[in-house]
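**Student:** Turn this into a model:
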Amino acid sequence: MTITLRQALTSDHPVMVGSVQRWWGDSRTPEQARELSLLLPKLFLQHFAGTSLVALAEDDDGTETVAGFLVGFHSADQPDVAYIHFVGVDPQRRGLGIARTLYRQFFAAAERAGKLVVHAVTSPGNTGSIAFHRALGFRLLPGDRTVDNADDTGNTDDVTVHSDYDGEGQDRVCFELALGSPGDR
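**Tutor:** Residues are numbered from 1 along each chain as shown. Next up, the predicted model:
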């Protein structure tokens with residue numbers, strides 16, 4: 001299997017939405033997976049395709065499928081900031097470095113565009129995402145409270161949380177990575 005990256009296209013939208021609904025279907029109800037896919041309105045690919053990426057997997061038989069994607073953009077209001085909005089990787093292809101490759105490509109493009117930092121957010125219960133961002137060198141931005149998160153192995157870790165970040169009851173963990181730091185290479 002070969003993985004290649006390319007810039008996202010507006011025409012990728014239905015595939016991305018369908019992928020979110022399938023890829024998160026094992027950990028959520030169909031309604032929750034559909035709601036999660038609503039975080040990817042078409043406008044992101046109409047206006048930020050140039051800063052978003054698709055990872056394509058070519059199997060041994062030549063079949064090409066979407067293995068992952070990253071939707072991100074450069075902030076219009078904070079000229080030094082790039083933001084990663086949504087990342088997905090096919091569960092059958094996780095652990096192959098696809099997400100890390102998508103992030104690094106995004107970091108490199110943001111740095112070439114003069115950005116100094118990258119921001120991202122996740123939910124406090126998404127221990128895998130929190131661990132992944134930390135492993136890439138992201139730091140947690142201080143929030144208004146701390147929660148004790150346990151990962152799949154039972155390890156616990158205090159995580160700073162921004163209460164009601166995305167609306168009432170929608171707490172988030174906020175990350176920042178300084179470009180040019182060892183973690184973004």
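
**Student:** which SS class is residue 15?
**Tutor:** Three-state secondary structure (criterion: DSSP: H, G, I helix; E, B strand; the rest coil) places residue 15 in helix.

**Student:** I figured it hits residue 64, correct?
**Tutor:** No. Using Cβ atoms under 8 Å, residue 15 is not in contact with residue 64; the gap is 11.4 Å. Glycine gets a C-beta too; all of them are placed from N, C-alpha and C.

**Student:** Between the two, tell me which one has more neighbours.
**Tutor:** Neighbour tally, residue 15 and residue 64, criterion other Cβ atoms under 10 Å: the higher count belongs to residue 15, 14 against 11.

**Student:** Any figure for the gap between that one and residue 21?
**Tutor:** Distance, residue 15 to residue 21, using Cβ to Cβ, to the nearest Å: 11 Å.

**Student:** Show me what secondary structure element comes after the helix ranked longest in the chain.
**Tutor:** With residue count as the measure and DSSP state H as the assignment, the chain has helix 98-112 as its longest helix. Following the chain from helix 98-112 toward its C-terminal end, the next helix or strand by DSSP states H and E is strand 117-122.

**Student:** ok, residues contacting that next one?
**Tutor:** Outside of strand 117-122, the residues that reach it under the criterion Cβ atoms under 8 Å, 6 or more residues apart in numbering are 72, 80-84, 106-107, 110, 129-130, 133, 138, 165, 172-179, 184.

**Student:** ok, and for the helix or strand just after it, which residues are buried?
**Tutor:** Towards the C-terminus, the helix or strand next in line after strand 117-122, according to DSSP H and E, is helix 127-135. By neighbour count, with 16 or more other Cβ atoms under 10 Å as the criterion, the buried positions of helix 127-135 are 127, 129, 130, 132, 133.

**Student:** now, which of those sits nearest residue 97?
**Tutor:** residue 132 (11.4 Å; Cβ to Cβ).
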